[in-house]
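A.B. asks: return atomic coordinates for the entry below.
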Amino acid sequence: MSADLHLKFTPKRIARTIGAWVHDHPDGWLNVLGAVIGAITAIGAVLFARGLERTEHFTEHLQGEWSLWLLPIIPMIGALLTGLLVYNFAREAGGHGVPQVLDAIVRRGGKIPARIGFVKVIASICTVGTGGSAGAEGPIVQIGAVTGSAVAQRIGVPQRHIGTLVGCGAAAGISSIFNAPIAGVFFALEILLRDFSLRTFTPIVIASVFATAMTQVVLGDNDAIFATELPNYVFRVHELPSYIVLGALCAVVAWFFTVVLERGEDLFGKLRLHQILKPVLGALMLGLLGIGGMLVFQDMVGGEVVMDEHSAVPPFFGNGYTVIKSLLDPVSYNAAQVTLSAIAVIGLLLVAKVIATTFTLASGGSGGVFAPGLFSGACTGAMFGIALDKLGLIPDGSSPASYALVGMAAVIAGTTFAPMTAILILFEITREPHVLAPIMLAAIVSTAVSRKLMPDSIYTAKLRRAGIRIGTGRDLSMLRHVPVSSVSYATLPPEPIYASDPLSKLVTLHAHHNVPDFPVVDSDGRYMGMVTGADMRTALIDREAIPLLLVAELMRNDLPVIKPDEHLDTVIEKFSRDDVSSLVLVDGFEGTKPLALVTRAKVMSRYNAVLDEA
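C.D. replies: Just a heads-up that it's a prediction; the model follows:
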């Protein structure tokens, strides 16, 4: 009896049963799976963060016992381990994680091999834990995405729901890092899925909430992986113009960060060096930059704002959380330190962080760009705040720390093109309602200016260079306003084609006029159907049969037609139904007379042009 029960309730059978339930009752079971994925991701995120923290402490202690000139050695060891892991086990685990998740959603329906998650964990600990300039957020998002994908594939969830469960994992990861469940939801919806439908929204909310709850169970109430004590900042209405200027400045910093990282990826991609050794070269360059940084920052007046004099590693190594927390603390800006030299120190640190992150990630190291973005934003805001303070433009009770906080949101919004995510993360970190107005204003300004400066976010730039376009609901909305008349048409055959014509007539027309497809009309010139080029090529396989065939025998009468008053959203939807290279444009009055051919290639060319103009 027990043996029968054991056979009946095998893990594979249980998974298939749950998969069948999900197929029959998707809404309810997606919510349950969202909760499971959220809890699993939170546990994985905490374990990853703790492993990373211990590795950092160990390497910093080790570094403190060595000479400054040996600073590159530890990052190079970590980079070598990363290169070996990524090259041999999961190439997708290199880089900053989120583009790989987007790629999986767009090209593979959200299917991500489970091994990527394991390799990403170890590779990121090796990279960031040994001093690599990157963050934990990208890896944790990728870990969550892999968890969601693995659960979906294991249970046999229908293809259309896998992306939603991937989003559940990603949202859970962000929620665990910042104790920010709302921001986690918007990260998944705004950056990854770009889908705000209720069926998608509900399980992602549940996953994010369960991740927050599980993180607090493990770490303690109201704690998070990124946790810091923040003072009560003071914001006043007459400071809002300053935050508009700060938003624009942060957009320039976001552009600088994105472009430098993009150029670095191109340069390392062209480098004739084994893939395993590229991260090692990046770590060597990082180490040399670190030596220079230690020598410069320790001797500069004002360096104490961002650097502990007893620190054994440069302030731009690792995830940079220590510097961020220092810049968010008003105590760091006492009268002795708030000088023009402090602005120079922070400015140099900002540039060094961007270059260090490029050396780390562009060379193939594993980590995220979110923490470097927060770092860059805090530096930008702090510099701007100190400058205002020296000019006497900060009211009593305010501090440059306020501008550092707002700068963090603005740079994240500028690099990701996701202002809601940036706003909510910083709001949920502070839990202060009065910070919302300046954060919102700066984030929106930064996003708007960034979109003018660059066509892609830091996450989608790499995909665009690989020829992958990320569509959005906004794209569809734009297409609703683009008429089909804006597309270049292909001309009709030089003479009408009737159903009773011999097929050999089409062969002759195709040979002499290069017509892709052949609309068929009746004796009154009314559209009847079409012989496609693909069907013609199939018929030409048996050339001896051509003289015996009529056009009517190959004609398709099931293809949709296009009218002149239609827009690109409708046209693309019609092309999606059938695998044909062109459709017939008919007159708008009676809808029966062929006017031209609308080709798929011309439609997609116009579609890409619309996206580029946006």
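A.B. asks: nearest residue to the middle of this protein?
C.D. replies: Y459 (3.9 Å; Cα atoms, centre = their mean).
A.B. asks: quick one: it and I191 touch, right?
C.D. replies: Yes. Applying Cβ atoms under 8 Å as the test, Y459 and I191 come out as touching, 6.5 Å apart. Bear in mind the C-beta positions are built from the backbone N, C-alpha and C, glycine included.
A.B. asks: what touches both of those two?
C.D. replies: V98, L102, T416 (Cβ atoms under 8 Å, 6 or more residues apart in numbering).
A.B. asks: quick one: residues contacting T258.
C.D. replies: T415, M454, D456, S457, I458, A461.
A.B. asks: repeat that for 7 Å
C.D. replies: For T258, the contacting residues are T415, M454, I458, A461, by Cβ atoms under 7 Å, 6 or more residues apart in numbering.
A.B. asks: export the shared contacts of Y459 and I191 as JSON lines, with columns for secondary structure, neighbour count and distance to L350.
C.D. replies: Formatted as JSON lines, the shared contacts of Y459 and I191 follow (DSSP: H, G, I helix; E, B strand; the rest coil; neighbours: other Cβ atoms under 10 Å; distance: Cβ to Cβ, whole Å):
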{"residue": "V98", "secondary structure": "helix", "neighbour count": "27", "distance to L350": "22"}
{"residue": "L102", "secondary structure": "helix", "neighbour count": "21", "distance to L350": "27"}
{"residue": "T416", "secondary structure": "helix", "neighbour count": "25", "distance to L350": "18"}
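A.B. asks: just the helices in the stretch 1-150 of the chain please.
C.D. replies: Shown for the stretch 1-150 of the chain, the helices assigned by DSSP state H, counting those that start in this stretch span residues 2-8, 11-24, 26-64, 73-89, 98-108, 114-129, 137-155.
A.B. asks: what about the strands in the chain?
C.D. replies: For the chain, the strands defined by DSSP state E cover 518-521, 527-531, 582-586, 594-599.
A.B. asks: for the longest one, packing partners?
C.D. replies: It stands for strand 594-599. Judged by 3 or more Cβ pairs under 7 Å, 6 or more residues apart in numbering; DSSP states H and E, strand 594-599 is in contact with strand 582-586.
A.B. asks: and the strand it packs on with strand 527-531, angle?
C.D. replies: 160 degrees (axes from the mean of the first three to the mean of the last three Cα atoms, to 10 degrees).
A.B. asks: residues touching strand 582-586, excluding its own?
C.D. replies: Here strand 582-586 makes contact (Cβ under 7 Å, 6+ apart) with 489-490, 516-517, 519, 527, 530, 559-564, 574-575, 592-600.
A.B. asks: could you double-check that V411 lies in contact with A378?
C.D. replies: No. With contacts counted by Cβ atoms under 7 Å, V411 stays clear of A378, the gap being 8.4 Å.
A.B. asks: quick one: which of these two has more around it?
C.D. replies: V411 (35 against 28; other Cβ atoms under 10 Å).
A.B. asks: give the contact list for the nearest residue to V218 once chain neighbours are set aside.
C.D. replies: With Cβ to Cβ, 6 or more residues apart in numbering as the measure, V46 is the residue that lies nearest to V218, at 5.0 Å, once sequence neighbours are left out. By Cβ under 7 Å, 6+ apart, the residues touching V46 are S176, T215, V218, L219, I225.
A.B. asks: could you list the domains of the protein?
C.D. replies: Taking automatic domain parsing as the criterion, the chain consists of the domains 11-219, 237-467, 477-613.
A.B. asks: per-residue confidence averaged over the longest one?
C.D. replies: Within the predicted structure, the mean pLDDT of domain 237-467 is 88.
A.B. asks: which ones are touching V482?
C.D. replies: Counting by Cβ under 7 Å, 6+ apart, V482 touches H567, L568, V610.
A.B. asks: where do the helices of the stretch 401-550 of the chain begin and end?
C.D. replies: Going by DSSP H, counting those that start in this stretch, the stretch 401-550 of the chain shows helices at 419-430, 436-453, 461-465, 473-479, 503-513, 533-539.
A.B. asks: please identify the buried residues of the shortest one?
C.D. replies: In this case it means helix 461-465. Buried residues in helix 461-465, counted by 16 or more other Cβ atoms under 10 Å: A461, K462, L463.
A.B. asks: adding distance to P433, write those out as CSV.
C.D. replies: Shown next, in CSV, are the buried residues of helix 461-465 (distance: Cβ to Cβ, whole Å):
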residue, distance to P433
A461, 35
K462, 37
L463, 37
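A.B. asks: and of the strands of the chain, who's closest to S124?
C.D. replies: strand 594-599 (45.8 Å; Cβ to Cβ).
A.B. asks: so the closest one versus strand 527-531, what angle?
C.D. replies: 30 degrees.
A.B. asks: residues contacting strand 594-599, please?
C.D. replies: Under Cβ under 7 Å, 6+ apart, the answer for strand 594-599 is 484, 487, 489-492, 516-517, 519, 521, 527, 562, 571, 581-587.
A.B. asks: which among those residues end up buried?
C.D. replies: Buried among the contacts of strand 594-599 (16+ other Cβ under 10 Å): 484, 487, 489-490, 492, 516-517, 519, 521, 527, 562, 571, 582-586.
A.B. asks: Throw the contacts of V482 into TSV and include neighbour count, thanks.
C.D. replies: Putting these into TSV (neighbours: other Cβ atoms under 10 Å) gives the following:
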residue	neighbour count
H567	16
L568	22
V610	16
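A.B. asks: identify, from the residues you listed, the entry nearest to I40.
C.D. replies: When those are ranked by distance to I40 (Cβ to Cβ), V610 comes first, at 40.5 Å.
A.B. asks: what's the pLDDT at that closest one?
C.D. replies: At V610, pLDDT is 78.
A.B. asks: do the same with G64
C.D. replies: So G64 comes in at 67 (pLDDT).
A.B. asks: D223 now?
C.D. replies: Note on D223: pLDDT of 57.
A.B. asks: now F9
C.D. replies: Looking at F9, the pLDDT reads 48.
A.B. asks: and what of F589?
C.D. replies: We have a pLDDT of 62 for F589.
A.B. asks: could you do L548 as well?
C.D. replies: pLDDT, read off for L548, is 81.
A.B. asks: and it, how far is that from I74?
C.D. replies: The spacing between L548 and I74, counted by Cβ to Cβ, to the nearest Å, is 78 Å.
A.B. asks: more neighbours: the two, which one.
C.D. replies: Counted by other Cβ under 10 Å, L548 and I74 do not tie: I74 has more neighbours, with 23 against 11.
A.B. asks: surely the more buried one meets T130?
C.D. replies: Yes. Counting by Cβ under 7 Å, I74 touches T130, with 4.9 Å between them.
A.B. asks: need the overlap of contacts for those two.
C.D. replies: The contact sets of I74 and T130 overlap at T59 (Cβ under 7 Å, 6+ apart).
A.B. asks: buried stuff in stretch 449-460?
C.D. replies: V449, S450, M454, D456, S457, I458, Y459, T460.
A.B. asks: ditto for stretch 235-246
C.D. replies: F235, E239, S242, Y243, L246.
A.B. asks: do I have it right that the first one meets Y403?
C.D. replies: No. The pair F235 and Y403 does not pass the contact test of Cβ under 7 Å, sitting 10.2 Å apart.
A.B. asks: list the contacts of stretch 456-467.
C.D. replies: If you take Cβ under 7 Å, 6+ apart as the criterion, stretch 456-467 is touched by 98-99, 102-103, 191, 258, 261-262, 265, 369, 415-417, 470.
A.B. asks: distance of D542 relative to E553?
C.D. replies: In this view, D542 and E553 are 13 Å apart by Cβ to Cβ.
A.B. asks: how about V141?
C.D. replies: For V141, the distance to E553 - Cβ to Cβ - is 55 Å.
A.B. asks: cool, and P516?
C.D. replies: P516 sits 20 Å away from E553, going by Cβ to Cβ.
A.B. asks: next, the contact list for the closest residue in space to I291 that isn't next to it in sequence, please.
C.D. replies: Excluding its sequence neighbours, the residue lying closest to I291 (Cβ to Cβ, 6+ apart) is L71, at 5.3 Å. Going by Cβ under 7 Å, 6+ apart, L71 touches Q63, G287, G290, I291.
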